[in-house]
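1. next input, structure requested:
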Amino acid sequence: MAAIALPQFKMPKLPKVDVGAVLKSPAVGLTGAAVLFAGAVIALAHLLGPVGGATSVTIPLDESLRGAPVGWREALKTNRGAPPLYNDVVQLSERPLAPGAGGSPGRMAGGPAAMAGSALAVAPIAGFYAPGPGGPLPIIAQDGRTPAQAYARPFTPNGRPRVALVIGGLGLNARATRQAIETLRPEITLSFSVYSEGLQGWIDMARARGHEVLIEAPMEPVDYPDNDSGPYTLMAGGQPPETVKRLEWILSRATGYFGLTNYLGSRFLATDPAYNAFAASLKGRGLAFIDDGAAARRGGGMPRATAERVIDDKLAGASIDQQLLALEAGALQRGQSLGSGFAYPITLEKVAQWANEVEARGYQLAPASALTRVR
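-> So this is what the prediction gives:
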């Protein structure tokens with residue numbers, strides 16, 4: 001067998017290293033410190049758990065809760081048996097909302113029907129009121145702007161047929177009033193009885209939700225006194241000074257409304273001297289007047305609108321639906337249509353549903369003020 005010669009490898013000679021000098025080097029010192037710091041961080045992470053995880057801390061109640069309210073500790077006991085039920089009691093002050101507490105636009109607590117609009121300005125607005133015998137009275141501002149303009153909900157037409165609704169009778173029943181304010185679209189105009197307790201509070205709440213507001217002037221009907229509209233009813237046979245005096249009481253009950261609507265009034269609205277005194281007073285104060293159909297032919301030189309139909313003359317869901325469809329048909333024919341209704345539970349339910357759907361059918365939901373014109 002032939003011999004095979006293998007190559008010879010020689011280990012390279014390494015330079016001699018002065019270990020003492022290396023350990024004294026600043027670079028080595030910094031590197032070592034970094035390694036030690038990283039090791040400490042890793043050890044701490046293992047002790048506390050993953051980064052971003054919940055850290056559990058136990059605090060002795062006896063030491064940390066000294067000075068807590070009486071009964072606090074007892075409330076931590078586990079409930080046994082059925083949970084207790086409490087009656088929901090809501091008390092409404094004259095101004096339940098602080099100025100500017102209208103909240104931001106978005107979905108409201110009333111459910112999908114309640115789309116919040118921007119809160120309207122807190123009333124009263126400077127320059128649009130003056131002291132009166134019974135409270136602040138609306139006036140035209142020095143620059144010529146009127147309360148009808150200042151307190152109306154802003155509106156920009158988009159070219160579609162406009163439909164509007166006024167829901168009245170509010171302020172007397174707290175549950176119905178809250179339902180209307182919180183579940184109806186903000187484009188729906190709300191009208192309040194002047195005899196409501198806490199009227200200003202209700203108006204503030206409605207405007208904070210984006211609703212423009214009317215107040216209801218009680219007027220003499222043809223069957224008065226069998227159908228009595230209260231102690232401050234505007235009477236058909238009243239002298240103009242008496243009509244103005246009663247009207248000023250009505251107007252001084254609150255601020256923040258852009259106009260008035262009638263409560264009853266079939267006889268009053270048909271009497272020329274009575275209506276003329278009423279209209280002249282409203283015109284002088286820069287207010288609008290929207291009626292429920294009883295004063296369709298009346299003018300007065302102020303912003304006016306008349307409801308074409310009362311949607312809930314018959315308190316049945318199918319009937320209200322038909323009236324709302326008729327309102328849409330009127331808007332198609334004339335470009336706009338105005339209806340009115342009362343705050344019955346079935347009316348509020350039907351109007352909330354309709355208002356959420358009507359724009360998808362090609363209409364524009366508008367506040368009642370947008371349908372007024374001076375006549």
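2. next secondary structure after the worst-scoring helix or strand of the chain on mean pLDDT?
-> Every helix and strand of the chain was ranked by mean pLDDT, DSSP states H and E. The lowest is helix 61-64, at a mean of 40. For helix 61-64, the following helix or strand on the C-terminal side (DSSP states H and E) is strand 129-131.
3. give the buried residues for that next one.
-> Neighbour-count burial for strand 129-131 flags Tyr129 (criterion: 16 or more other Cβ atoms under 10 Å). (Each C-beta comes from the backbone N, C-alpha and C, glycine too.)
4. partners of that strand in the sheet?
-> Paired with strand 129-131 in the same sheet, following DSSP bridges, are strand 136-138 (antiparallel).
5. what's next to the partner strand, contact-wise?
-> 124, 128-131, 147, 248, 251-252, 255, 285-287 (Cβ atoms under 8 Å, 6 or more residues apart in numbering).
6. filter those to the buried ones?
-> Buried members of the contacts of strand 136-138, scored by 16+ other Cβ under 10 Å, are 124, 128-129, 147, 248, 251-252, 255, 285-287.
7. let me have those residues in TSV, adding secondary structure and distance to Asp226 as columns.
-> Formatted as TSV, those follow (DSSP: H, G, I helix; E, B strand; the rest coil; distance: Cβ to Cβ, whole Å):
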residue	secondary structure	distance to Asp226
Pro124	coil	38
Phe128	coil	39
Tyr129	strand	37
Pro147	helix	35
Glu248	helix	27
Leu251	helix	27
Ser252	coil	29
Thr255	coil	34
Arg285	helix	32
Gly286	coil	36
Leu287	coil	30
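8. what about the helices in this structure?
-> Taking DSSP state H to define them, one finds helices in the chain at 19-23, 26-48, 61-64, 147-150, 174-183, 199-208, 240-251, 266-269, 272-285, 317-334, 345-357.
9. in JSON lines: the ones you listed, plus distance to Leu165.
-> Converted to JSON lines, these look like this (distance: least, Cβ to Cβ, whole Å):
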{"stretch": "helix 19-23", "distance to Leu165": "89"}
{"stretch": "helix 26-48", "distance to Leu165": "61"}
{"stretch": "helix 61-64", "distance to Leu165": "56"}
{"stretch": "helix 147-150", "distance to Leu165": "19"}
{"stretch": "helix 174-183", "distance to Leu165": "11"}
{"stretch": "helix 199-208", "distance to Leu165": "14"}
{"stretch": "helix 240-251", "distance to Leu165": "23"}
{"stretch": "helix 266-269", "distance to Leu165": "21"}
{"stretch": "helix 272-285", "distance to Leu165": "22"}
{"stretch": "helix 317-334", "distance to Leu165": "8"}
{"stretch": "helix 345-357", "distance to Leu165": "6"}
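10. between the buried ones among the contacts of strand 136-138, which sits nearest Ala352?
-> Closest approach between the buried ones among the contacts of strand 136-138 and Ala352, by Cβ to Cβ: Thr255, at 27.5 Å.
11. how about that closest one, what does it touch?
-> Counted by Cβ under 8 Å, 6+ apart, Thr255 has contacts 123-124, 129, 136, 138, 200, 203.
12. likewise Pro147?
-> Per Cβ under 8 Å, 6+ apart, neighbours of Pro147: 128-129, 138-140, 257-258, 285-287.
13. pretty sure Gln364 sits against Thr156.
-> No - applying Cβ atoms under 8 Å, one finds Gln364 not in contact with Thr156, separated by 9.4 Å.
14. which of those two has more neighbours?
-> Gln364 (20 against 7; other Cβ atoms under 10 Å).
15. residue contacts, the more buried one?
-> Applying Cβ under 8 Å, 6+ apart, the residues contacting Gln364 are 157-158, 160-163.
16. so which of the residues you listed is the most crowded?
-> Val163 leads the contacts of Gln364 on contacts (other Cβ under 10 Å) with 26 neighbours.
17. so in terms of bridging, what pairs with that residue?
-> So, taking DSSP bridges as the rule, Val163 has Ser337, Leu365 as bridge partners.
18. I figured it was touching Leu332, is that so?
-> No - assessed by Cβ under 8 Å, Val163 is found out of contact with Leu332, at 9.7 Å.
19. and stretch 258-269, how far apart are its ends?
-> 20 Å (Cα to Cα, to the nearest Å).
20. for Ala236, state which of the contacts of Thr255 is nearest.
-> Pro138 (24.4 Å).
21. tell me where the stretch 151-300 of the chain is predicted with low confidence.
-> Across the stretch 151-300 of the chain, nothing is flagged by pLDDT under 70.
22. so what's Ser369 up against?
-> 148, 152-153, 155, 189, 212, 258-259, 288, 303.
23. if we use 10 Å, what do you get?
-> 148-149, 151-155, 164, 189, 212, 214, 258-259, 288, 290, 303, 305 (Cβ atoms under 10 Å, 6 or more residues apart in numbering).
24. strands - which of those residues land there?
-> Within these, residues falling in strands by DSSP state E are 164, 189, 214, 259, 288, 290, 303, 305.
25. same list (those residues) but as TSV, adding neighbour count and distance to Arg297.
-> TSV is the format used below for those (neighbours: other Cβ atoms under 10 Å; distance: Cβ to Cβ, whole Å):
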residue	neighbour count	distance to Arg297
Ala164	27	20
Thr189	31	22
Leu214	26	20
Gly259	31	18
Ala288	27	17
Ile290	27	15
Pro303	24	16
Ala305	23	13
